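*Asks:* Have a look at this prediction, sequence included:
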Amino acid sequence: MFTHMDKNMRGHMVDVSAKDETTRLARAAGSIKMKKETLEAIRELKIKKGDVLAIAQIAAVQGAKKASDLIPLAHPLLLLGIDVDFEYLEDGIYCEVAVKCQGKTGVEMEALTGVSAALLTIYDMCKGIDRAMEIKSIYLLEKEGGKSGRYERL
């Protein structure tokens, strides 16, 4: 039987009450490719909508906090910390989000949702000058805590 299906084969949220509460950490990353002119406009704070990375950072935090509202079977979690970092690339921006909680289930979806929200916000704020932007490879970098232990992307 599938873990997220009930006896009628309908989706349900898994009961995690028997799991141990542990410190959980997840880091996810992704990037957005854009024209050099767009990248320079972001760096020089020349995007009409405002400071793109400041708003994208807030979007990442909000996205991580709202993951369970967006992912149907994800558990709502009390998050202890969210860190967001951006790095300028030659052809775009790299985003990394780290999320931490003390709980019975992992925070991978929160970290991945945070990255997604940040990159979508960058797209939204810059689409007026560059509709060809491309969000690339959102992925889990690492996770720790819980029964399955540590995972680190090679």
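*Replies:* Okay, I see it. Numbers count the residues shown, from 1 in each chain.
*Asks:* now the strands for the protein?
*Replies:* With DSSP state E as the criterion, the chain has strands at 22-33, 79-89, 92-103, 134-144, 151-152.
*Asks:* could I get those as CSV with mean neighbour count?
*Replies:* In this view, the C-beta of every residue, glycine as well, is placed from N, C-alpha and C. Shown next, in CSV, are these (neighbours: other Cβ atoms under 10 Å):
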stretch, mean neighbour count
strand 22-33, 21
strand 79-89, 15
strand 92-103, 22
strand 134-144, 15
strand 151-152, 12
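*Asks:* Compile these into JSON lines and extend it with columns for distance to A117.
*Replies:* Putting the strands of the chain into JSON lines (distance: least, Cβ to Cβ, whole Å) gives the following:
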{"stretch": "strand 22-33", "distance to A117": "11"}
{"stretch": "strand 79-89", "distance to A117": "10"}
{"stretch": "strand 92-103", "distance to A117": "9"}
{"stretch": "strand 134-144", "distance to A117": "11"}
{"stretch": "strand 151-152", "distance to A117": "22"}
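*Asks:* Can you lay out those as JSON lines showing mean pLDDT?
*Replies:* Below are those laid out as JSON lines (pLDDT from 0 to 100):
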{"stretch": "strand 22-33", "mean pLDDT": "97"}
{"stretch": "strand 79-89", "mean pLDDT": "98"}
{"stretch": "strand 92-103", "mean pLDDT": "97"}
{"stretch": "strand 134-144", "mean pLDDT": "97"}
{"stretch": "strand 151-152", "mean pLDDT": "96"}
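*Asks:* Sweet, I'm off.
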